[in-house]
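Participant: build me a model:
(chains A, B and C, ligands or ions: 2)
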Amino acid sequence: MTMTGQTSNWLIRVSAAGLIAMTAIIGWQVFGRFVLGSSPSWTEQASLVLMIWYVFLAAAAGVHEGFHIRIELLETMSSPRNARRVRIAIQMFVAAFGLVLLVFGSQLVWLVRDHVIPSLGISRGLAYLPLPISGLLMAVFALAQAKADRPPAAAEDR
Amino acid sequence: MEILVLFVVLFLLLALGVPVGFSLLGASLALFALIDIPMVVAIQRMASGISVFTLMAIPFFIFAGDLMYRSGIADRLVRVADAAFGKVQGGLGPVNVGASMMFGAVSGSAIASASAIGSTMVPLMKEKGYPADYAVNVTVTAAIVGLLIPPSHNMIIYSAASGMGVSIGDLFLAGIMPGLLTGLMLMTTAWLVARRRNLPRGIFPGWRAFMRAALYAVPGLMTAVIIMGGILSGIFTPTESSAIAVIYTALVGTFVYRSLGWRGFGEAAAKSVRTASMVLFIIAAATAFGFALALLEVPAQLAALIGFMTDNPILTLLIINLMLLALGTFMDMAPLIVICTPIFLPVAIGAGVDPVHFGIILMLNLGIGLVTPPVGSVLFVGSAVGKVAIPALVRTIWPFYCTLLAALVLITYVPWLSLALLGAF
Amino acid sequence: GMRLSNVFTAADTHPTDYPTVQAVDYLGQLLAERTGGRLGAKVYAGGQLGNERDTLEITTFGGLDLNRVNAAPLNSIEPLTIPICLPFVFGSVDHMRRTLDGDVGEEILASLTRHGLIGLCYYDSGARSFYNSRGPIQSPEDMKGLKLRVPGSDLYIGMVRALGADPVPMPLDEVYQSLAQGVIDGAENNWPSLESGRHYEAAPFYSLTEHLFTPEVLVMSKISWDKLSPEDKQVMRRSAKDSVPYMRNLWDAREASSREVILAAGVEVNTVDPAPFTELMTGMWDEFLTTPQQHDLVERILAQRES
Ligand code: NA
Ligand code: NA
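Facilitator: Ligands and ions are numbered 1, 2, ... in the order given. So this is what the prediction gives:
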């Protein structure tokens, strides 16, 4: 398997663990309030931060796996040669937007570094950190896809 | 000028085939550059757009649905439904509408309903020989009905946005008849479409077999009982119920049906996180896009246009509906309620519409926006769980769109449907 | 584009007819009058640009010019805003207004500058009290075991826990349904919010603990501020201050009308002896006051109580 493929698989595994952890946290929240009569104060914020992390990490893997929804009309109408050009153009746009996420996501993390997330006591920047990471991965994945000329998405055979 | 840039960039990116989420982000970035808003704002809107508690229902119900499918819970549920209604041609279509109505009614969230029913019903309808596009179209349009049948947190948002003390209790009562009517109309359409497309017909297996199927399905049926009972008795909120559904189905799959091991559980999580991230990434980008639309005051400009065009009440309502439908194709429901209510409600009241009645019109109208491309979160959920591309869905969704529009016309011009129950209590 | 003109964009989470929104509108009129139409303000009400925490961040980035927020979300940005958010630190609306109009208020506004925000003025948010579906609260004993919704803030969580109830952090838009279904027993807020959220339909006991007088704050982005000429900065500061009495009149009227609506709806309202509550509260203050500067502010606030 390629390096990008391995990274993508690893991202999905980490994200799946995040989803399972979020399930446990909300389950604990209900248990604490209804059974123990004492609501844990950290569960709401913790699950929200976790969701940003796993959504953006999995969304980056989605650029490698090509699971993001898109309109494929132009590509299917084009000749094979032009279809290849269209695919490369699409991946270039995705890579560019990934770089935007990297650059301005990093700026975002830096700007809010001394804001605190209530009830967790950690920096707000940690909630935004997955965006630049995801952006970098998206750009790398998109460029690799363009080079290998794999289709960006194919909803039917997912 | 700014509005033009926003939409032209969006359409060009979409038409080229750039994924929907990236297209929305690209259009927002273009606008932000034009009107001198720092790019970092777009990134912040994306992150905080999904940092919303109620959105957790999306990954959770997708996860629960996949667990139900893998563990055989869903299969046993559908066997019961099939035994009961299978004799009717395309019977699972109306069954799906009924399930979506019940679930949407309790959860109040069209997204949760599409995630939950879509992840269970769609794979099984496909197995029974129903085309995926039909199964998804029935699911996503029926999910809208839950917005009308109480409780509905969107009505609460409307009540607050109206700023004039529209009672939430009144709104809940007013939604009942329009919700049931829309549901019945969708059931009829689902059945007619099934006949026209010659969808499969089952055989009634006899009462003995039916009872046995029902018995096997009891632990699965308990999922619905636990979710609905838990919400109604105040043990957990509708959002929390989605996490409870995951835990319950994992336990039943592991200990009762013994068909779900660690491996299956992990695979389900990995599959669900792909689907959920695809949907939530679009919602994140749509939040940045929505910020741009709000700043440009697109809805206010439309309201000014109405006053310019007509003062006839029937026409005014028609134009409001058309404008809301147009806005709904691009923006999500909650931000649209917040933005449009203060702008369109006074226009509607001027045309003699009761504020409670207008709330119901708004719910159904913006609900339709949830199932229309290019920005329709419920449609995205359906496309993801059913593995059908959006264009393939849109090709065959027309009968259902028409039904929803017909229901909208009835609810708009027959105020009695919304207001009759208010006098009764 | 709009940002190139001199009409400041302002965000507010309250609806269009709410006193804070009206006050910033009025501020815009004052600006226009005083600069011959060169400056102005346009309010985006109803939270359409995001919740308070989000718009605060956007304001520090320079994406919005003005932002009206409650003082509580500023706690996680600047610790010096904590003293005015403590329960029972103010004894009355007069005490709160007097303190904030003086040097304590100015000092706290100035502390925001290092975070990219220019604190312009304070608006009122009245007094917050508890409402619930079980029965009237007379003393802290009546709160034992009640599940009370709080905003996701350490201060509110600590406060409700210190009173012996179970704090349930929950977003505001889930509160009505949770009250109706019994997930929670109650929450706390001021008269206008209790009315506009219609939570009293599901929680008809309002007990006037008046535990919090946390004010609203109008902030400007430092990035937008730095672009103004010294004269325009003067006009901006003065106009913001001049919008305060206007806001307070609107607030008092709004509170009275909300009270009328709530009483007419048959909500049981009772007054409360604050003494036993105050005792439990002051014990938890030290948990949130970590610097000598904060302690100093609290002492100066308390010194302004009427004897
Ligand atoms: Na509902
Ligand atoms: Na739409």
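
Participant: neighbours of the residue in the stretch 201-350 of chain B positioned nearest to ligand 1, just the number please.
Facilitator: Residue nearest to ligand 1 within the stretch 201-350 of chain B: residue B:238 (8.7 Å; CB to the ion). Any C-beta I mention is one placed from the backbone N, CA and C, and that applies to glycine too. Residues contacting residue B:238 under the criterion other CB atoms under 10 Å in any protein chain shown number 24.

Participant: which residues of the stretch 201-350 of chain B lie near ligand 2?
Facilitator: Neighbours of ligand 2 within the stretch 201-350 of chain B, by CB under 5 Å from the ion: residue B:329.

Participant: which bits of the stretch 201-350 of chain B sit near chain A?
Facilitator: Residues of the stretch 201-350 of chain B lying close to chain A (CB under 8 Å from any CB of the partner chain) are B:235-236, B:240, B:243-244, B:246-247, B:266, B:269-270, B:272-274, B:276-278, B:280-282, B:284.

Participant: the stretch 51-200 of chain C too?
Facilitator: Neighbours of chain A within the stretch 51-200 of chain C, by CB under 8 Å from any CB: C:57, C:60-61, C:75-77, C:115, C:145, C:147, C:152-154, C:157, C:166-171, C:183.

Participant: write the PyMOL selection for whichever of the residues you listed are buried.
Facilitator: The buried residues among these can be selected in PyMOL (16 or more other CB atoms under 10 Å in any protein chain shown) with this line:
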select buried, chain C and resi 57+60+61+75+76+77+115+147+152+153+154+157+166+167+168+169+170+171+183
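
Participant: just the residues of the stretch 51-200 of chain C next to chain A: which are in strands?
Facilitator: Counting by DSSP state E, these place C:147, C:166, C:167, C:168, C:169 in strands.

Participant: state the distance from residue C:187 to residue C:170.
Facilitator: Using CB to CB, to the nearest Å, residue C:187 is found at 8 Å from residue C:170.

Participant: which neighbours do those two have in common?
Facilitator: Common contact partners of residue C:187 and residue C:170 (CB atoms under 8 Å, 6 or more residues apart in numbering or on different chains): C:149, C:150.

Participant: ok, residue C:200 touching residue C:131?
Facilitator: Yes: with contact defined as CB atoms under 8 Å, residue C:200 reaches residue C:131; the gap is 6.5 Å.

Participant: okay, and the common contacts of the two?
Facilitator: Jointly contacting residue C:200 and residue C:131 under the rule CB under 8 Å, 6+ apart are C:194, C:206, C:267.

Participant: in these, which residue is surrounded by the most others?
Facilitator: residue C:206 (26 neighbours).

Participant: is it bridged to anything, and to what?
Facilitator: residue C:131, residue C:269 (DSSP bridges).

Participant: closest one of the ones in strands among the residues of the stretch 51-200 of chain C next to chain A to residue A:68?
Facilitator: Closest approach between these and residue A:68, by CB to CB: residue C:169, at 33.3 Å.

Participant: now that closest one: closest residue in space, sequence neighbours ignored.
Facilitator: Excluding its sequence neighbours, the residue lying closest to residue C:169 (CB to CB, 6 or more residues apart in numbering or on different chains) is residue C:152, at 4.3 Å.

Participant: contacting residues for that neighbour?
Facilitator: By CB under 8 Å, 6+ apart, residue C:152 lies in contact with A:44, A:45, A:118, A:119, C:169, C:170, C:171.

Participant: residue A:101: neighbour count?
Facilitator: 30.

Participant: so how far is residue A:95 from it?
Facilitator: Going from residue A:101 to residue A:95 by CB to CB gives 11 Å.

Participant: okay, residue A:77 and ligand 2: tell me how far apart.
Facilitator: 24 Å (CB to the ion, to the nearest Å).

Participant: same question for residue B:76.
Facilitator: According to CB to the ion, residue B:76 and ligand 2 sit 35 Å apart.

Participant: tell me the pLDDT of that residue.
Facilitator: Residue B:76 carries a pLDDT value of 78.

Participant: what of the one 4 residues further on?
Facilitator: The predicted local confidence for residue B:80 comes out at a pLDDT of 76.

Participant: ok, the one 4 residues further on next?
Facilitator: Looking at residue B:84, its pLDDT reads 75.

Participant: leaving out the residues flanking it, which one is nearest to it?
Facilitator: Nearest residue to residue B:84, sequence neighbours excluded (CB to CB, 6+ apart): residue B:210, at 6.8 Å.

Participant: contacting residues around that neighbour?
Facilitator: Contacts of residue B:210 (CB under 8 Å, 6+ apart): B:80, B:83, B:84, B:204.

Participant: just the mean pLDDT for whichever helix or strand it is part of, thanks.
Facilitator: Assigned by DSSP states H and E, residue B:210 belongs to helix B:207-216. Taken as a whole, helix B:207-216 has a mean pLDDT of 84.

Participant: so the following helix or strand past it, near ligand 1 or not?
Facilitator: Sequence-wise, the next helix or strand downstream of helix B:207-216 (DSSP H and E) is helix B:218-232. No: shown here: helix B:218-232 not in contact with ligand 1 (CB under 5 Å from the ion), separated by at least 10.4 Å.

Participant: ok, residue C:298 touching residue C:83?
Facilitator: Yes: using CB under 8 Å, residue C:298 makes contact with residue C:83 at a distance of 4.8 Å.

Participant: what about residue B:276, neighbour count?
Facilitator: Residue B:276 sits with 28 neighbouring residues when counted by other CB under 10 Å.

Participant: who are the contact partners of it?
Facilitator: A:19, A:55, A:58, B:58, B:59, B:62, B:63.

Participant: element containing the third one?
Facilitator: By that I understand residue A:58. Residue A:58 is located in helix A:43-65, with elements delineated by DSSP H and E.

Participant: OK, contacts around the most far-flung residue of chain A relative to its centre?
Facilitator: Computed with CA atoms, centre = their mean, the residue of chain A farthest from its C-alpha average is residue A:37, at 35.9 Å. Contact partners of residue A:37, counting by CB under 8 Å, 6+ apart, are C:145, C:166.

Participant: what are the buried residues along the helix or strand of chain A at the bottom of the mean pLDDT ranking?
Facilitator: Taking mean pLDDT, DSSP states H and E as the measure, helix A:73-77 is the helix or strand of chain A with the lowest mean score, a mean of 83. Across helix A:73-77, burial judged by 16+ other CB under 10 Å covers A:74, A:75.
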